[in-house]
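Colleague: model this:
(chains A and B)
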Amino acid sequence: MIRYFRFFLFLSALLILVILLHKLGAFRQLENSLTFFTSRAPGALYQAHIADEHLQNEFSSVSELEVAYKNLKAGHKDYQTLEARFRILEEENLSLRQQLGFIQKNKLQSVGANVVGRNIDPVGNTIVLDRGSRDGVQIDSPIIVEGGVFVGKVMRVYEQTSVVRLVVDNQSKVAATVLNQDRSIGIVEGGLGISLQMNLIPQNEEISVGDTVVTSGLEANIPRGLILGIVQATEKEPYKPFQKAIVTPSVDVNRLGAVSVLLSKI
Amino acid sequence: MKKLLDFVAHALFILFTIAVHLVMVTIFDYPISAINILFIILILHLLLYESLRVVWMSIAVFYILELFVSSPFGVLLFSGTYAIYLAYVLHLNVFPNRNLVASTLLLFITLICFRFLYVLFSIFAFLFQEGSPAMGHLVGYAAWELLLTGLVFLVIYPVVLHILQKRFFIQ
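Modeller: Here you go, the predicted model:
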């Protein structure tokens, strides 16, 4: 038994040493290579999976799918596959144009990235991107999709890979503004499953269901006006100095395929 | 030369293990994504080879996974490695045979220990940094993880054991 305990102590010391060396950056090169190699195979599969989901969304019921299947068998297979691919490309193109339009309008510098992994930690909401410090990505760089919808912030950066904490993660906090008459400010936090919670909104300000919530620009690196979501409900207690709002994100963050990383202002 | 080849084989095995785990959590939706392939593979390795090498492998596996997660660095590394070391000790002293029931029980105990240590180290880590661990979702996740991982193990363990016994004459 003493033998096991002695090894346990040795193991603990070793793990502490490993963590210290990681914090000091001694394994930086090794980590860059490991993250690159281990994320590429799942990344390719994830991209194929997202494309497949787009294809499945073409049909609203099983019978429709059966009809389409019979049609395919009758000789339209190639045509329909090509058409589906064309639609995916069209959607992607539209999404990227919207992202580009927002980026150009706001004179922001950005880099496009593919999502190559997600939610590796059960208690976290994260995605892994195929862009890293080599492409100019930095810690806290904001991630957007479509016409400037904010989906998260970079939390770890490696040479060719980065890890993003999504806006719905329980540790995510973003300075936000409600587009109401008072331009109420507050903090949007995750941790509510697929919804967000906006806290620290002054009690005397009027917030309505349907108001749009955007980033306030009060936070370093995150420009003003990135869309966070729509107010779904408000919680107002007369004895509390602040009110809360439940916000529904504008995009499904669990189905992200391509995103843009905002680098810095030109 | 043999040692070098052995090292390369183990390194590739570790990368393969992580790739399979990443594919599972990335592609499949919850609760299927809760299947803990890492523990199935590591426990299978322990049962087949009964070597302390599984602990060194678990350090490498959990270290690489730490690079992708949002929890404070070290939580997964400590909890995962300690759980596998406990499995090693239990296998040598409490469940020394390789029958299906004992092996599945070993996997269950290891997973429960892993999640318990995970919560413990998360609480400890958040004492030193801002934020709080999201534990509400973890209970349901751990239940699904235990159930599905156990089921997958029950299915694949006899098959893997049979194949390896035939192929490599493992006793």
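
Colleague: rest of the way, CA atoms for contacts and neighbours
Modeller: OK.

Colleague: what sits against the closest residue to A:Leu256 other than its chain neighbours?
Modeller: Nearest-residue entry for A:Leu256: A:Val115, 6.8 Å, with adjacent residues in sequence omitted and distances by CA to CA, 6 or more residues apart in numbering or on different chains. A:Val115 makes contact with A:Gly43, A:Tyr46, A:Gln47, A:Ile127, A:Val128, A:Leu129, A:Asp130, A:Leu256, A:Gly257, A:Ala258, A:Val259, according to CA atoms under 8 Å, 6 or more residues apart in numbering or on different chains.

Colleague: tell me the one among the residues you listed nearest to chain B.
Modeller: Chain B lies nearest to A:Tyr46 out of those, by CA to the nearest CA, at 5.8 Å.

Colleague: what parts of chain B come near chain A?
Modeller: Chain B has residues B:15, B:18-20, B:22-23, B:25-27, B:34, B:64-65, B:67-71, B:73-74, B:77-78, B:89, B:131-135, B:137-138, B:141 near chain A, with proximity defined as CA under 8 Å from any CA of the partner chain.

Colleague: and the helices in chain B?
Modeller: For chain B, applying DSSP state H gives helices covering B:2-27, B:37-49, B:53-66, B:75-93, B:100-125, B:136-168.

Colleague: tell me which of those helices lies nearest to A:Phe7.
Modeller: Among those, the nearest to A:Phe7 by CA to CA is helix B:75-93 (9.5 Å).

Colleague: now that closest one and helix B:37-49, what's the angle there?
Modeller: Angle, helix B:75-93 to helix B:37-49, by axes from the mean of the first three to the mean of the last three CA atoms, to 10 degrees: 30 degrees.

Colleague: relative to helix B:100-125, how tilted is helix B:75-93?
Modeller: Going by the same axes, to 10 degrees, helix B:75-93 makes 150 degrees with helix B:100-125.

Colleague: packing partners for helix B:75-93?
Modeller: Contacts defined by 3 or more CA pairs under 8 Å, 6 or more residues apart in numbering or on different chains; DSSP states H and E place helix B:75-93 against helix A:2-23, helix B:37-49, helix B:53-66, helix B:100-125.

Colleague: please compute how far it lies from its chain's middle.
Modeller: The chain centre lies 9 Å from the centre of helix B:75-93; the measure is CA atoms, centre = their mean, to the nearest Å.

Colleague: so, low pLDDT: which residues of chain B?
Modeller: For chain B, the stretches flagged by pLDDT under 70 are B:130-134, B:136, B:167-171.

Colleague: in it, which residue is closest to the centre?
Modeller: Nearest to the geometric centre of chain B sits B:Phe39, at 2.1 Å (CA atoms, centre = their mean).

Colleague: contact partners for that residue?
Modeller: B:Leu107, B:Leu111.

Colleague: separation between it and B:Val20?
Modeller: 12 Å (CA to CA, to the nearest Å).

Colleague: give me every residue that touches A:Gln203.
Modeller: If you count contacts by CA under 8 Å, 6+ apart, A:Gln203 has them with A:Lys236, A:Lys240, A:Pro241, A:Phe242, A:Gln243.

Colleague: show me what the nearest residue in space to it that is not next to it in sequence is bridged to.
Modeller: In space, A:Gln203 comes closest to A:Phe242 once its chain neighbours are excluded; the distance is 4.7 Å by CA to CA, 6+ apart. Here A:Phe242 shows beta-bridge partners A:Pro202, assigned using DSSP bridges.

Colleague: quick one: buried residues of the helix or strand hosting A:Val115?
Modeller: Taking DSSP states H and E as the criterion, A:Val115 maps to strand A:108-118. The neighbour-count check on strand A:108-118 (16 or more other CA atoms under 10 Å in any protein chain shown) flags A:Ser110, A:Gly112, A:Ala113, A:Asn114, A:Val115, A:Val116, A:Gly117, A:Arg118 as buried.

Colleague: name the SS class of the spatially closest residue to the last one that is not a sequence neighbour, please.
Modeller: Right, the one you point to is A:Arg118. Once flanking residues are discounted, A:Arg118 sits nearest to A:Ile127: 4.1 Å by CA to CA, 6+ apart. Here A:Ile127 is strand, with the state taken from DSSP: H, G, I helix; E, B strand; the rest coil.

Colleague: can you get me a residue count around the nearest residue to A:Ser216 once chain neighbours are set aside?
Modeller: The shortest distance from A:Ser216 to any non-neighbouring residue, by CA to CA, 6+ apart, is to A:Ala176 (4.4 Å). Here the count is done by other CA atoms under 10 Å in any protein chain shown, and A:Ala176 has 28 residues near it.

Colleague: please apply the same query to A:Leu72.
Modeller: The tally of other residues near A:Leu72 (other CA under 10 Å) stands at 15.

Colleague: and it, how far from A:Glu66?
Modeller: Distance of A:Leu72 to A:Glu66, given as CA to CA: 10 Å.

Colleague: how many neighbouring residues does B:Leu154 have?
Modeller: Here the number of neighbours of B:Leu154 (other CA under 10 Å) works out to 15.

Colleague: check contacts around the nearest residue to A:Leu15 once chain neighbours are set aside.
Modeller: Among residues not flanking A:Leu15 along the chain, B:Phe78 sits closest, at 7.0 Å (CA to CA, 6+ apart). Contacts for B:Phe78 (CA under 8 Å, 6+ apart) come out as A:Ser12, A:Leu15, B:Phe121.

Colleague: try 10 Å
Modeller: Counting by CA atoms under 10 Å, 6 or more residues apart in numbering or on different chains, B:Phe78 touches A:11-12, A:15-16, A:19, B:58-59, B:62-63, B:114, B:117-118, B:121.
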